[in-house]
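Student: here's a sequence, model it:
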Amino acid sequence: MAMLNNQMDDGADENGQDESKEVDQFLVSDGLDEIDKTYETDSNDIFVSNDDFIEAIFGHVANDSIHKPLVCSISGDPNKKNRWHPKSWPCDTNDPEKNWYVCPSIFEPSKDGTYKAQKKLAHFVHCAMLDDIGTKIPMEKIANIHVSWLLETSPGNFQAGFIFKEPIDTKTAYSLKQAMLGAGLSDKGSSGATVRWMRMPQAINGKAAYGSPSPRCRMRKWSPDHRAAVADLVKVFDLKMGTPSKTKNQSKPSTSFGASSSPGFIGVYEPKPYENSVITALKNRGLYKSSLGNGRHDITCPWVAEHTDQIDHGSCYFEPSNEYPIGGFKCQHSHGDLYKISKLLEFLEVAEVAARHKSIITVVPGELSRIVEAAEIEIDSTNQYFQSGGGIVSVHRDPQTRQTIVKPLTQPALAMQLSKLCIWLRYSKQTRTYEFCDPPSRHITSLFDAENYLHLKPLLGIAR
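Tutor: This is a model prediction of the structure:
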């Protein structure tokens, strides 16, 4: 099957009883034993337009939204296409005489403003798909599981999908997909969790092996309101979720952060790594030379071959600052005006969110205590604030009296510090995406009024 940028495939509670009741929703007969596998009748077809299919998975997507689903259409045999061309949705998907595909993730635009199906640009994953059900994978594997959709993509061959109750992060999606593959639920060749082309219902399967006329995709089961959480799928399939192992495509840093100064809280808090992802990527590619101090680093220009006599000097990377939030790149040679930080990040395959070298706190309902604790960890990491007398304080030297004083941190100042220290995200039900936000006042107030702190060091006294 054709590939895009070497990353695209065809197929392209802890409360016991309550959790069991919810999960049991999946343990119902889906009538899969009645699926017509002869491909000789339309009696079991369910009409679902491509747009309705996409909207059921991703929700309403405004035309001016930054993060969008990606679709791709190909005429004829997709195996003969050397390069696929994804498009952001909403767009026209009404030609049923083409192969139509959609990815399970939403994507941000690349540096040149176009949308590309690349893992580094994927933000959150909205569904999981099992491929080659009925041929390589026995239908009995999912016979008693209620799926969100079951699409016959070629004679007797199906894709089964599960729409998530809420989108999940790319790391969790990868771990879930690996667990599904380990349980024998999907073809081993369909390992992609974020950039994985899923077929759409109003389309053909143009592979030459199926002859002419090309067979049509047929929706056999359609239950878009039946959605799953990762915990549901782990339970009903008895999956063994583990830490995602590093694959070939993951060897280069992208949106994922490396080793960090604290373990973080899954789904809520992702601490920044010890080392800036850009510097790590430069070292991995053999382009890093040395630190020049003050956040500046001497590096080899990735485009050194364009230098006069290929001279390797005069290129510098600048760490993020208030003035340059994603960092900076300067090459003193003649092409310096063409290659700025955006080009460097694109070359290194480092996303802007990782280039900022900040921790990420996601505002999730019901997680007030963990979010507040994450915020406290971030404040403590500055080594500028302490707990004293039931509040948060800092130590300053008065410029006029030259006396050392203890200054209480005000609530607005606390909010300002946390907005500088972290990237804050909140899930939008309207767009069904995670969006940037300011530190919520409720969480700031809870931290400010905590009185007892788990991580802030106590101020015992001042040495004069």
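Student: how about the closest residue to residue 439 other than its chain neighbours, secondary structure?
Tutor: Spatial nearest neighbour of residue 439, chain neighbours left out: residue 418 (4.5 Å); criterion: Cβ to Cβ, 6 or more residues apart in numbering. Backbone N, C-alpha and C define where each C-beta goes, glycine included. Following DSSP: H, G, I helix; E, B strand; the rest coil, residue 418 is assigned to helix.
Student: so what's residue 418 up against?
Tutor: If a contact means Cβ atoms under 8 Å, 6 or more residues apart in numbering, then residue 418 has 375, 378, 379, 424, 439, 444 as its contacts.
Student: any low-confidence regions in the chain?
Tutor: Residues of the chain meeting the criterion pLDDT under 70: 1-44, 81-83, 188-191, 242-267, 463-464.
Student: outline the domain layout of it.
Tutor: Domain assignment for the chain by automatic domain parsing gives 17-237, 274-351, 359-448.
Student: closest one to residue 456 among those?
Tutor: Checking the domains of the chain against residue 456 by Cβ to Cβ gives domain 359-448 as the closest, at 4.2 Å.
Student: what's the span of the closest one, first residue to last?
Tutor: Using Cα to Cα, to the nearest Å, the span of domain 359-448 from its first residue to its last is 20 Å.
Student: go on, stretch 287-304?
Tutor: In stretch 287-304, first residue to last residue: 10 Å (Cα to Cα).
Student: now it: buried residues?
Tutor: Using 16 or more other Cβ atoms under 10 Å as the test for burial, stretch 287-304 gives 287, 288, 289, 297, 299, 301, 302, 303, 304.
Student: which one is the third one nearest to, not counting chain neighbours?
Tutor: Spatial nearest neighbour of residue 289, excluding adjacent residues (Cβ to Cβ, 6+ apart): residue 298 at 4.2 Å.
Student: what bridges to that neighbour?
Tutor: Taking DSSP bridges, one finds residue 290, residue 316 as the beta-bridge partners of residue 298.
Student: distance of it relative to residue 418?
Tutor: 33 Å (Cβ to Cβ, to the nearest Å).
Student: could you list which of the contacts of residue 418 belong to strands?
Tutor: Using DSSP state E, residue 424 are the members of those that sit in strands.
Student: now that we have the contacts of residue 418, which one has the most neighbours?
Tutor: If you count neighbours using other Cβ atoms under 10 Å, the busiest of these is residue 375, which has 26 neighbours.
Student: that residue is in contact with residue 445, isn't it?
Tutor: No. Taking contacts as Cβ atoms under 8 Å, residue 375 lies outside contact range of residue 445: 11.3 Å.
Student: so which of the buried residues of stretch 287-304 comes closest to residue 318?
Tutor: Nearest to residue 318 among the buried residues of stretch 287-304, with distances taken as Cβ to Cβ, is residue 297, at 7.8 Å.
Student: the closest residue to that closest one other than its chain neighbours: how many residues sit nearby?
Tutor: Spatial nearest neighbour of residue 297, chain neighbours left out: residue 317 (4.6 Å); criterion: Cβ to Cβ, 6+ apart. By the criterion of other Cβ under 10 Å, residue 317 has 24 neighbours.
Student: can you check residue 192 too?
Tutor: By other Cβ under 10 Å, the residues close to residue 192 number 25.
Student: quick one: end-to-end length of stretch 224-240, please.
Tutor: With Cα to Cα applied, stretch 224-240 spans 26 Å between its terminal residues.
Student: can you check stretch 349-366 too?
Tutor: Start-to-end, stretch 349-366 (Cα to Cα) is 35 Å.
Student: hmm, residue 312 and the residue nearest to residue 289 touching each other?
Tutor: No. Here residue 298 does not reach residue 312: they are 10.2 Å apart, not a contact under Cβ under 8 Å.
Student: and the gap between residue 80 and residue 454?
Tutor: Taking Cβ to Cβ as the measure, residue 80 and residue 454 are separated by 60 Å.
Student: got it, and residue 123?
Tutor: Taken as Cβ to Cβ, the span from residue 123 to residue 454 is 31 Å.
Student: which one's more surrounded, these two?
Tutor: residue 123 (21 against 11).
Student: if we can go back for a sec, for residue 462, find the nearest of the domains of the chain.
Tutor: The nearest among the domains of the chain, by Cβ to Cβ, is domain 359-448 at 5.4 Å.
Student: nearest to residue 76, of the contacts of residue 418?
Tutor: Nearest to residue 76 among the contacts of residue 418, counting by Cβ to Cβ, is residue 424 at 46.8 Å.
Student: which residues in the stretch 101-250 of the chain form helices?
Tutor: Using DSSP state H, counting those that start in this stretch, the helices assigned to the stretch 101-250 of the chain run over residues 170-182, 230-237.
Student: tell me how far the last one lies from the chain's centre.
Tutor: Read that as helix 230-237. What separates the centre of helix 230-237 from the centre of its chain is 20 Å, taken as Cα atoms, centre = their mean, to the nearest Å.
Student: on contacts alone, who are the packing partners of that helix?
Tutor: Under the contact criterion of 3 or more Cβ pairs under 8 Å, 6 or more residues apart in numbering; DSSP states H and E, helix 230-237 touches helix 17-23, strand 157-169, helix 170-182.
Student: check which residues of that helix are buried.
Tutor: Applying 16+ other Cβ under 10 Å to helix 230-237 flags 230, 232, 233, 234, 235, 236, 237 as buried.
Student: following that helix in sequence, what is the next regular element?
Tutor: strand 269-270 (DSSP states H and E).
Student: which other helices and strands contact the helix or strand following that following strand?
Tutor: Counting by DSSP H and E, the next helix or strand C-terminal to strand 269-270 is helix 277-284. The contact analysis (3+ Cβ pairs under 8 Å, 6+ apart) places helix 277-284 against strand 296-299, strand 315-318, helix 341-348, helix 352-355.
Student: dump these to JSON lines, plus distance to residue 324.
Tutor: Putting these into JSON lines (distance: least, Cβ to Cβ, whole Å) gives the following:
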{"stretch": "strand 296-299", "distance to residue 324": "12"}
{"stretch": "strand 315-318", "distance to residue 324": "6"}
{"stretch": "helix 341-348", "distance to residue 324": "7"}
{"stretch": "helix 352-355", "distance to residue 324": "10"}
